[in-house]
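Enquirer: The following block contains a protein sequence and its predicted model.
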Amino acid sequence: MFLTKIQKLSISTKIILGYLPIFLVMILITIVALSSLNEANSTSKNIIEHDIVLLEAANNMLDSLLAQESYGRRYLILDSQEILGLFWQRSQEFDMLVSRIQALTESHDIPSKQLLILHNEFNNLYKDRLKNIGNKSSIITKEYDAKIKSKLDELIALIQMMMLNVKKNQNQMIIKNSDAGLKAFRITFILSSLGIILGIGAAALTTRDIARSIQQLKLATNEISKGRFNHIPDVTAQDELGELANAFIKMAHRLASLEEANLNANPLTRLPGGIAIENVLKNRLAANKSVTFCLLDIDNFKSFNDHYGYAAGNEIIKTTAKIIEKTTAEYGTNDDFVGHIGGDDFALLTTIGRYKKLCTHIIEGFDKKIVDFYNNKDRANGYILGETRQGKKIKFPIMSISIAVVVSNKEKRQISHIEIGEIAAELKEHAKKISGSVFIVNRRKK
């Protein structure tokens, strides 16, 4: 009870109470400690309120730019004024994000003017391309497309360079914070040693608590600077050091999520990609847990995409992702994991006790929703009428979903993530030969 009350006291009060006989020495300790804390808090605040904002803005700029390019390509194909409006809306979003970056007090040499110039050139190229939309000359079309792609690549490279510079600045600030913490630790330790010699036994407890907290924060700073964002500083104090430790934890979680989003997320669905799926699967197998891996694939997706266009195909992919996520949220647990391998392939990691309910409800949701993407004629017919390369008429059924389920029992022979992938791929081929939406299961018996 007494120790809890002591932990809630501010550092200044602790020092005054602990070092009363040598008050002048304790004042110096307070100045050093608070100065170091202020510098560390200032650095952490700058990272959270400035660098992370820059990274978020850069990621959003990439999204807006790629979305603008996507709408531009769709407009060239569909000639829809609504799509053209979305094209210019994304263009405005990009410019607003650049303006937001310009408004930050510390620029870190952000090339905002160059971004605006390149983006304006990119828009002008599209304007010229749109003026020649009726021109059937493949040479002119290829020339414009090449210029647009070159300008797009130049913009993306500039944004990525900006993100790299911001991350370098983050690392420098974190290292600087680490040095400041180490310096504060050494000074505090020296002065505290003198206080112990001259003062009372309570001073030893106070300085030991402060020293431990600073050491933990120093260690946390070093770990975060090396990219180990899951490190949590072991600081039990509820004073300024405890608040700083909480700030470190929040900063580390935010940096980890931004890093994962930047490297692994699928740009269309924002679900974790192949690398993340593989890592989660390997970790669960390494922990000797029972793993149930579900590989989901949309049947007849290519024929739909060819018939209705890739824009409609993208909507199918996003809708399927939402169905899987919603079903997992309703009938699964927080331990279940949903990922997007790519294209129309998804992955779901769950347990043997939940996969039947999850697969059943995913199929129900998919079959119920998928018919809304067909026109009345194709919906009434129950198929899309197409042609082979030889001109032969062929019927493509309404899309369905095939799910290959691989159950790995922890009590059986250890199985690798590669074997699970191979089994799932083989099961998927069998499932796709079955009419309609199905899930088939492979239970390991060896």
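Expert: Now that the structure is in, tell me what you want to look at.

Enquirer: Which strand or helix spans the closest residue in space to T319 that isn't next to it in sequence?
Expert: Closest residue to T319 apart from its sequence neighbours, by CB to CB, 6 or more residues apart in numbering: K369 at 6.2 Å. Placement of C-beta: from N, CA and C, glycine included. K369 belongs to helix 355-370 when assigned by DSSP states H and E.

Enquirer: and if you look at L349?
Expert: Going by DSSP H and E, L349 is in strand 345-350.

Enquirer: Okay, now the sheet partners of that strand, with direction.
Expert: Paired with strand 345-350 in the same sheet, following DSSP bridges, are strand 291-299 (antiparallel), strand 337-342 (antiparallel).

Enquirer: Relative to R212, how far out is I174?
Expert: To R212, I174 is 21 Å away according to CB to CB, to the nearest Å.

Enquirer: These two: who's more crowded?
Expert: I174 (23 against 16; other CB atoms under 10 Å).

Enquirer: from memory the more buried one sits against G181, does it?
Expert: No - using CB atoms under 8 Å, I174 makes no contact with G181, being 10.5 Å away.

Enquirer: list the residues that contact both of these two?
Expert: Common contacts of I174 and G181, defined by CB atoms under 8 Å, 6 or more residues apart in numbering, comprise T221.

Enquirer: which residues sit in contact with M173?
Expert: 43, 46-47, 51.

Enquirer: Which member of the residues you listed is positioned nearest T351?
Expert: I47 (38.4 Å; CB to CB).

Enquirer: Off-centre distance for the helix ranked longest in the chain?
Expert: Taking DSSP state H as the criterion, the chain has its longest helix at helix 138-198. In terms of CA atoms, centre = their mean, to the nearest Å, the centre of helix 138-198 is found 18 Å from the chain centre.

Enquirer: just the strands paired with strand 345-350: most buried one?
Expert: Most buried of the strands paired with strand 345-350, by mean neighbour count (mean count of other CB atoms under 10 Å): strand 291-299, with a mean of 24.

Enquirer: And T327, how far from F293?
Expert: For T327 relative to F293 (CB to CB), the value is 16 Å.

Enquirer: Same check on N279?
Expert: For N279, the distance to F293 (CB to CB) stands at 14 Å.

Enquirer: hey, which helix or strand in this protein has the poorest pLDDT?
Expert: When the helices and strands of the chain are compared on mean pLDDT, DSSP states H and E, helix 2-8 comes out lowest with a mean of 58.

Enquirer: packing partners for the helix or strand hosting L285?
Expert: In this assignment (DSSP H and E), L285 forms part of helix 274-286. Identification of packing neighbours for helix 274-286 by 3 or more CB pairs under 8 Å, 6 or more residues apart in numbering; DSSP states H and E yields strand 291-299, strand 337-342, strand 345-350, helix 417-432.

Enquirer: Quick one: mean pLDDT for the helix holding K369?
Expert: For helix 355-370, mean pLDDT is 96.

Enquirer: Is F337 bridged to anything, and to what?
Expert: So, taking DSSP bridges as the rule, F337 has L349 as bridge partners.

Enquirer: Determine the number of other residues adjacent to K113.
Expert: Neighbourhood size, K113 [other CB under 10 Å]: 10.

Enquirer: Can you spell out which helices and strands pack onto the helix or strand where it lies?
Expert: Assigned by DSSP H and E, K113 belongs to helix 112-131. With contacts taken as 3+ CB pairs under 8 Å, 6+ apart, helix 112-131 sits against helix 52-78, helix 81-102, helix 138-198.

Enquirer: By mean pLDDT, show me the worst of those helices.
Expert: Among those, helix 138-198 carries the lowest mean pLDDT, a mean of 79.

Enquirer: got a list of contacts for the helix or strand hosting A380?
Expert: Using DSSP H and E, A380 sits in helix 376-381. Identification of contacts with helix 376-381 by CB under 8 Å, 6+ apart yields 371, 384-385, 398.

Enquirer: what does stretch 422-440 give?
Expert: For stretch 422-440, contacts defined as CB under 8 Å, 6+ apart pick out 293-295, 297, 299, 359-360, 363, 366-367, 397, 400-406, 441-442.
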